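**Student:** Build me a structure from this.
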Amino acid sequence: MTQADGAPLARLRQAIAGLAVLTTLTIGPVHAQQASSACRLLQVAELETAIGGRASSKPSGSSQSIPGMALDECSVVLSGPGPNRVHTVSIRIVTNLSMDGEQAIRIRNTSTASEPQWKVPGARLEQATGGSAICILAGRPNVASNTTCSIPRGKGYVEVDVTGSVEALASIETVRALAQKAITRL
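**Tutor:** Purely as a prediction, here's the structure:
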């Protein structure tokens, strides 16, 4: 094959490479995460006062649509004195579910509560409702534990989830109050 015969093949390779670059530049932003509106629902100072500790950085969040739901989430880490005083606080706005938000929360919480891991020594499992908030506290030693309060909203919900050690978990009452405050700011 002469150099002239290979020229069309070289142009084809260049065209494919160019198309790949254009495709990446075009598709990339469509699937990119957007800024979070959940970060506007609660102020860091409110979280620090309610849960304790100090945030070492600003909250970070994103908003994205995935099949079956849209998720807008904001997180901040609070650190307090002692080894068990680190909490990650996540504020979530979940929308576009295929079912009623209350039904989705109840299914999730029932599934969580039925797990045998909550029957080991030192484990805690509590569930409560107050107003429209549906809450669950689930934790056991040496693993990340959660207090989560969710408030249904049509085909979705607003939720505050506090993760930490089971020995220093935020109470259901504290997280419920934060979730109730967050939903009033939508």
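**Student:** Please count neighbours and contacts with C-alpha atoms only from this point.
**Tutor:** Fine.
**Student:** Tell me where the model's unsure across the chain.
**Tutor:** 1-34 (pLDDT under 70).
**Student:** what is the residue nearest the centre of it paired to in the beta sheet?
**Tutor:** For the chain, the residue nearest the mean C-alpha position is Glu73 (4.8 Å; Cα atoms, centre = their mean). Counting by DSSP bridges, Glu73 is bridged to Ser62, Arg92.
**Student:** need the contact list for it.
**Tutor:** By Cα atoms under 8 Å, 6 or more residues apart in numbering, Glu73 lies in contact with Ser36, Ser37, Ala38, Cys39, Gly61, Ser62, Ser63, Ser90, Ile91, Arg92, Ile93.
**Student:** Most neighbours among those residues, which one?
**Tutor:** Ile91 (29 neighbours; other Cα atoms under 10 Å).
**Student:** got the phi/psi numbers for the nearest residue to that residue once chain neighbours are set aside?
**Tutor:** The shortest distance from Ile91 to any non-neighbouring residue, by Cα to Cα, 6 or more residues apart in numbering, is to Val160 (4.7 Å). Torsion angles at Val160 (phi, psi; degrees, to the nearest 10) stand at phi -120, psi 130.
**Student:** contacts for stretch 122-142?
**Tutor:** Stretch 122-142 is contacted from outside by 105-106, 109, 113, 117-118, 120-121, 145-152, 165-167, 171-172, 176, 179-180, using Cα under 8 Å, 6+ apart.
**Student:** mind listing the helices for this structure?
**Tutor:** Remark: helices assigned in the chain by DSSP state H are 3-31, 44-51, 101-113, 172-184.
**Student:** Against which helices or strands is the last one packed?
**Tutor:** It refers to helix 172-184. Helix 172-184 is packed against helix 44-51, strand 133-139, strand 145-152, strand 157-164, with contacts defined by 3 or more Cα pairs under 8 Å, 6 or more residues apart in numbering; DSSP states H and E.
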